[in-house]
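S.K.: the sequence and its predicted three-dimensional model are supplied below.
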Amino acid sequence: MTGRLDWRNVIYKAGLPDAAAQLIVRVVRKTRLWRIEKADVAGELVAHFADGLEAGTPIDELIETFGDARQAARLIRRGKRRQRSLMWKASCWMRRAVVALILLYIGLGVYFLVGSPSVNTNYLAQLNEPVQVVPEAERAWPEYRAVLLELGFSPERNYAPQLHVVHEPDEDGNTTSWRSDILGVTYPGDEHWPIVAGFLDEHAGSIDRLRRATDLPAMGYVYSYQITPADAQLLGDVGTPDATWENGSMLVVLLPHTSRLHKVAYLIEADAHRAMEEGDVDRAIRDIVALDNLSRQLADGPTLVEKLMALAIHNRSYHALASMLERDAEVFSTAQLMYLAHALGPLDPAVYGDMSGERIFFQDTLQRIYTDDGNGDGRMTYKGWKLLVSGFDYAVIGESGDGYSPTENLKELAVLPGVGVVMASRKQMSDEYDRLMNMTHASMHVPLHEMPHSGAEQIIIDRMESFSVDRFRYGMASILMPAMNVVRHLIERAQAAREGVLFGIALELYRREHSRYPETLDALTPKYLPELPIDRMTGEPLKYRLIDGRPVIYSVGTDTDDDGGRTRYRYLDDPVYHARPYVRAMSNWTHLGDTDEQHNGDWVIWPMKNPPRLNVEAGGEDGSVEVSAEP
Amino acid sequence: MRIERELMRGAGPLAVLTLLGRGEMYGYELVQALSKRTDGVLAMGQSTLYPMLYNLEAKGLIASRHDTTSNGRARKYYRLTARGKKRLAHDTEQWRAVNLALSQLGLAGV
């Protein structure tokens, strides 16, 4: 050590009386300053005593007037530290701030760690309340289940074995043989249609039983964590055997019946085509109405999946009827057409927009993540956070860390305080979810052309694409929001399809009475149609033309440009593809990046199965074409 | 007579600045001067003086320099800075005002 820094040497080298030297050593040592500072203080105190002695002051008096050594050290330390550089002072404050933050973080960690979710509401029972009031004999699901078992469906086979056929390799030998279910994709005239037709003929009794089950007032499927023994015969041993409402999140409540009901719809639809093939129009009509009933049974279910499935079946039934009318409307009697026009009831957006089940799912999730303060609020918990990060893999019993390595547990614990602070509280999360759901629900009643461009979906999309605090704060509400835009899209599609077949029926009834098609659509009301639907893209009346002698009713589409009643879409047999761009664009789904070119063309409401096509190659750059016929 | 700590907290630095306003001084010299010129009223030990000097130096009111005495001992001298002079003038004026106010209240001998 250099002499400059050796403060003890400074003191002892001065030759002061021992008592004075010891006092200075004691004071300087207690200052706990840097060495260079201690040396400076030591030098100054030594000089003070030396000056005093030189002036003749007795050493005892100098020591006595020195003051309290401990206090002197403390004050000297304070004074000297004040002389230090700004940089040192800043780093000092920084260190203190870091320590304070760490302590705060640890404190918050403890705060969130000691919290425990209070699962005290049986939301599963709430979900099942409407089901339980339906008498067993009025429930359709047991009937559907029995018939599917009768037809050879099983837990391993969501198809009838007879309809799971071998496809031969193509002529060039580029493919090997493969098997698939031909139900739902095979129509009269297709290669495998005779197999489907034979199956339907063989099982006419089962199909009739399905048809009659659609007349029952309710679906009657009981939501549960476990599959009942009766359901297990068809659906297999799925579900979570040990889960109860107290230990199992409702996000693991399965809805396996929906995929089986889709097959029921396929069977009835195929039977409608088979009936037309056999000239049994009454049976075909009963099948179409049965599809409508099946959709409504499903739509009464409170979950998103059931609503989506119901709308998909509605859509299939309308398109099946449309194909029959377009192929040969003459086979329908006037009475049959009038019956159909009345039997296909309107689709109520309130029914499809009712997501009471989804709200129940959300509230159940909240009670498994947050504490409960008794007033609807609470804070994030460690158990809840683990539930979230696990993606609900461990949403049932045994989730308390099974399958997690100590490192993973530690990581989750480490981020818990941050998560707890950033994420919304229970009440805030619940309020935000309700706000978005209410916005969406309200928008279900707004015509498409008046839809706001800043609906709940847009708020969520903007939020999830940004790096704002709200993205994380309300991330859970955003992620668990049901895909209402998809519901809206399917409602618009199904409503347009329903309008299409009703127009088809009305036009045919008019033609039979007047031996020609009407000059304008107004001629159809009120005798053939109670009221005219509007163009959902503009709110204006739908367009009407005769093209090649055929009546064409159409919306101008999302570009709101009249393309003469022609659609640009190639895959016209796919109603989903046909309508999606229009509805999505009107819902302001700009993130999908739909091009102007994709928006070109009209949305043809009637005819549905074979509408006039926009000849993009023959037209100009904008795809416009000459209209060949005027009404 | 010993002055209460709170009173000393205001008077002590002003007293030191006043003494240094007359020229640079070292620690013991200041202790002696405070004791003699104030009849011991503002006397302060090393445990009070040196921390006070360090504080005044940290505030930039005084500056120090090291030197050696005729017999070769190291010694540290303090002097007023420009800022210290301003502060001295300002504080002096304030103390005079306080003094005057106290005398107007009839405090005899003030």
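M.R.: Received the coordinates, thanks. Owing to the predicted nature of the structure, the values given are computational and were not obtained by experimental measurement.
S.K.: measure stretch A:470-479 end to end?
M.R.: 13 Å (CA to CA, to the nearest Å).
S.K.: likewise for stretch A:438-457?
M.R.: End-to-end for stretch A:438-457, by CA to CA: 12 Å.
S.K.: what about it, average pLDDT?
M.R.: In this model, stretch A:438-457 has a mean pLDDT of 80.
S.K.: swap in stretch A:500-512?
M.R.: The average pLDDT within stretch A:500-512 is 97.
S.K.: contacts for that stretch?
M.R.: A:318, A:321-322, A:325-326, A:329, A:332, A:334, A:337-338, A:340-341, A:344, A:517-518, A:523-524, A:528-529, A:551, A:553, A:605-608 (CB atoms under 8 Å, 6 or more residues apart in numbering or on different chains). All C-beta spots, glycine's among them, are computed from the backbone N, C-alpha and C.
S.K.: near chain B, from these?
M.R.: Taking CB under 8 Å from any CB of the partner chain as the test, chain B is in contact with none of the contacts of stretch A:500-512.
S.K.: now, of those, which are buried?
M.R.: Buried members of these, counted by 16 or more other CB atoms under 10 Å in any protein chain shown: A:318, A:321-322, A:325-326, A:329, A:332, A:337, A:340-341, A:344, A:517-518, A:524, A:528-529, A:551, A:553, A:605-608.
S.K.: next SSE after the helix ranked longest in chain A?
M.R.: Across chain A, the longest stretch assigned as helix under DSSP state H is helix A:484-514. Remark: after helix A:484-514, the chain's next helix or strand is strand A:543-547, criterion DSSP states H and E.
S.K.: just the contacts of stretch A:500-512: which are in helices?
M.R.: The members of those that map onto helices under DSSP H are A:318, A:321-322, A:325-326, A:334, A:337-338, A:340-341.
S.K.: any chance of these in TSV, with pLDDT too?
M.R.: Formatted as TSV, the ones in helices among the contacts of stretch A:500-512 follow (pLDDT from 0 to 100):
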residue	pLDDT
A:Tyr318	95
A:Leu321	96
A:Ala322	95
A:Leu325	96
A:Glu326	93
A:Thr334	97
A:Leu337	97
A:Met338	96
A:Leu340	96
A:Ala341	95
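S.K.: how about those, which pair is most distant?
M.R.: A:Tyr318 and A:Thr334 (20.3 Å; CB to CB).
S.K.: the residue positioned nearest the centre of chain B in helix, strand or coil?
M.R.: Central residue check for chain B by CA atoms, centre = their mean: the C-alpha nearest the mean position is that of B:Val16, 1.0 Å away. Classification of B:Val16 using DSSP: H, G, I helix; E, B strand; the rest coil returns helix.
S.K.: show me the shaky parts of the stretch 151-300 of chain A.
M.R.: The stretch 151-300 of chain A contains residues with pLDDT under 70 at A:173.
S.K.: show me which helix or strand of chain B is least confident by mean pLDDT.
M.R.: helix B:5-20 (a mean of 84; mean pLDDT, DSSP states H and E).
S.K.: that one vs chain A: in contact?
M.R.: No: using CB under 8 Å from any CB, helix B:5-20 stays clear of chain A, coming no nearer than 11.2 Å.
S.K.: list the buried ones in that helix?
M.R.: Judged by neighbour count (16+ other CB under 10 Å), helix B:5-20 contains these buried residues: B:8, B:11-20.
S.K.: cool, stretch A:306-317 as well?
M.R.: A:306-317.
S.K.: let's see which of those end up in helices.
M.R.: Per DSSP H, the buried residues of stretch A:306-317 map to helices at A:306-317.
S.K.: and for the least confident helix or strand of chain B, what are the contacting residues?
M.R.: Against helix B:5-20 from outside (CB under 8 Å, 6+ apart): B:3, B:25, B:30, B:33-34, B:37-38, B:42, B:44, B:48-49, B:52-53, B:55-56, B:61-62, B:78-80, B:84, B:87-88, B:91-92, B:95.
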